[in-house]
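1. Model the structure of this input:
(2 chains)
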Amino acid sequence: MRYELDPVRVRKILGNKKQFIMGDMAIAYGGLLAGVGFFGGYPITPASEVAEGMARMLPRAGGTFIQMEDEIASMAAIIGAAWSGTKTMTATSGPGFSLMMENYGYAIMTETPCVIANVQRTGPSTGQPTQGAQGDMLQTRWGSHGDMMAIALCPSTVQECLDMTIEAFNLSEKYRHPVVLLADGEVGHLREKVVIPDVDEMELIERIEATVDKDKFIPYSESQTNPGSKVPDFPTFGSGYRSYVTGLTHNDMGFPATDKQPDHERLINRLVSKITDDREKLTDVEEIELEDAEIVFVTYGASARPAESAVRMARAKGIKAGMLRLKLVWPFPEKAIYELSKKVSKIIVPEMSLGQMVHPVREFAAKDCEVIVAPKVGGVMHLPVELLAYLEEGSQ
Amino acid sequence: MKKEIQVAGFGGQGVILSGFIIGKAACVFADLNAVQSQSYGPEARGGAAKTAVIISDETIGYPRPTSIDVFVSMAQEAFNSYLPDCRDDTVLIIDPDLVTQSDVGRPVYKVRVQKIAEDLGNKIVTNIAMVGALTGIYDLGVPDEAVKKAVIDSVPKKFMDLNINAFEKGLEAGKNARPE
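-> Below you'll find the predicted structure:
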């Protein structure tokens, strides 16, 4: 069975154009608008409302919602369903994301498009279930074993929860890669105004399906339909195109080639470079007061909000402060960070953790630019005045 | 214009729904901006629950309260716990049947919203009566009618009249309330 949701019907189910909803619910809305046909998940605070929204609305839209027995099975289910040709999604947090790591790698290796919404909470382990955090930033990039690349987006507002979920589906379809929406408990549980796009206001990208003669189809080569693309054409199960799907190192035909160094090297380099070739095209940042800034925040997600307030307060005091907000965190915007670091004397990275994204920022910043973290743990956001203190101290 | 409203009680009272209604009134029915945040424990009922709403005619950055303009308390424990977060001139609103010890040396608005709900036949609408009382006492910057529309938009159809009555009785009691 292949799901093709009627976008007009989906839009009707979502209701009024302007609504006051929670970030988690906006993620469910975004998934539905993007055309998700299958959601497999296991409820976990603070991500449960994503599943709740999906359970309520997806069957009405013509799709399938399954509450799986755990997060390992949830991830496996969305991978399997994706091969039937539909768009698939799960949502989780903290320990659930850890459980998904093995199959996250499997989705990367098998080039399976799917979306994982991770509404981050504190850890390690079960941590503080009802409190938000930003502790899974590097896990998304490095958490599954082996060489790989990640694609991840970080919403700072409820509207972005909706918009970026649609974007996550688009990137996932385009690159045949699992895309992570790295929300956090603060934004996920915040209610704000959202404006819901109508069908003609959205741009949706669909995976490129196999079109060559069936006997000439090569399932793990560069695209045969879209010349020049490193993303292979998708052989939907049941379409008649033959494909073997395995997490083992495979050759172009999909068959295991576990003892063949050249096959592994070619495969892994293609899996990574199909994304990193587009690194600058994918870079998506918001610049605030950067023209003459001397001391800046590099931010993402919920912590961008107190940081922006702190920048406004600092400007009112005559401090040349600014902010660069990363909307897409992986692949990391190396050039944007390097160029920023050449213009400013200090970069501060406010994070709801002891410091994670500060590491790639430091790696790609010019050597004479000081890079420090402004950590905040315990499930709460930084206060604007706390971040203002960093700007005041740094500008002296 | 920026208003910070905090409502607190215990889990199960509908504290979070009351914040949701106020935020929706501002955003959807009055064309302002609002954010609503919440804190609660893992329990479904009992335990502390609080919600904060910020209403503004500008974009709202930091979404949690930093200077509370009005604090509504529906439980003694919540009143005691969160009063220190308030300014000296924060408007305080309580139900004296739920917060019996409110003598803190400053004026407090006391509205018996639980009694209003009980008189209407169902204690469950205490929170909606409190939304009415808050609207009557404090200028939220949102028309009364917008709050009423948000109530109508947020409660089950089956209990619509009950909720509207609770809101209107609460509103009336709020308009007549004087700080004690």
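
2. where's A:Leu181 relative to A:Gly188, distance?
-> Going from A:Leu181 to A:Gly188 by Cβ to Cβ, to the nearest Å gives 10 Å. Using the backbone N, CA and C atoms, a C-beta is placed for each residue, glycine as well.

3. Those two: who's more crowded?
-> It is A:Gly188, of A:Leu181 and A:Gly188, that has more neighbours when counted by other Cβ atoms under 10 Å in any protein chain shown, with 31 against 26.

4. where does chain B dip in pLDDT?
-> Low-confidence segments of chain B, defined by pLDDT under 70: B:41-45.

5. Stretch B:4-17 spans what distance, first to last residue?
-> From its first residue to its last, stretch B:4-17 covers 16 Å (Cα to Cα, to the nearest Å).

6. which residues sit against the helix ranked longest in chain B?
-> The longest helix of chain B (DSSP state H) is helix B:160-176. For helix B:160-176, contacts defined as Cβ atoms under 8 Å, 6 or more residues apart in numbering or on different chains pick out B:109, B:111-113, B:116-117, B:119-122, B:125-126, B:128-137, B:144, B:147-148, B:151-152, B:155.

7. hang on, the earlier thing: so what's in contact with A:Leu181 and A:Gly188 at the same time?
-> Shared contacts of A:Leu181 and A:Gly188, defined by Cβ under 8 Å, 6+ apart, comprise A:Ile27, A:Cys161.

8. can you tell me if stretch A:325-340 touches chain B.
-> No - counting by Cβ under 8 Å from any Cβ of the partner chain, chain B is not contacted by stretch A:325-340; separation bottoms out at 11.7 Å.

9. Between the two ends of that stretch, what distance do you get?
-> 12 Å.

10. quick one: it to chain centroid distance?
-> When distances are taken as Cα atoms, centre = their mean, to the nearest Å, stretch A:325-340 is centred 14 Å away from the chain's centroid.

11. Next, the buried residues of that stretch.
-> Across stretch A:325-340, burial judged by 16 or more other Cβ atoms under 10 Å in any protein chain shown covers A:325-334, A:336-337, A:340.

12. Next: stretch A:32-40.
-> Judged by neighbour count using 16+ other Cβ under 10 Å, the buried positions of stretch A:32-40 are A:Leu32, A:Leu33, A:Ala34, A:Gly35, A:Val36, A:Gly37, A:Phe38, A:Phe39, A:Gly40.

13. Show me what from chain B comes close to chain A.
-> With Cβ under 8 Å from any Cβ as the criterion, chain B meets chain A at residues B:20, B:23-24, B:27-28, B:33-42, B:60-64, B:66.

14. do that again at 7 Å, thanks
-> Within chain B, the positions lying close to chain A (Cβ under 7 Å from any Cβ of the partner chain) are B:20, B:23-24, B:27-28, B:33, B:35-38, B:40-42, B:61-64.

15. List only those of those residues flagged as buried.
-> Taking 16+ other Cβ under 10 Å as the criterion, what is buried in the residues of chain B next to chain A is B:20, B:23-24, B:27-28, B:33, B:35-38, B:40, B:61-64.

16. In strands only, show me the buried residues of stretch A:32-40.
-> A:Val36, A:Gly37, A:Phe38, A:Phe39, A:Gly40 (DSSP state E).
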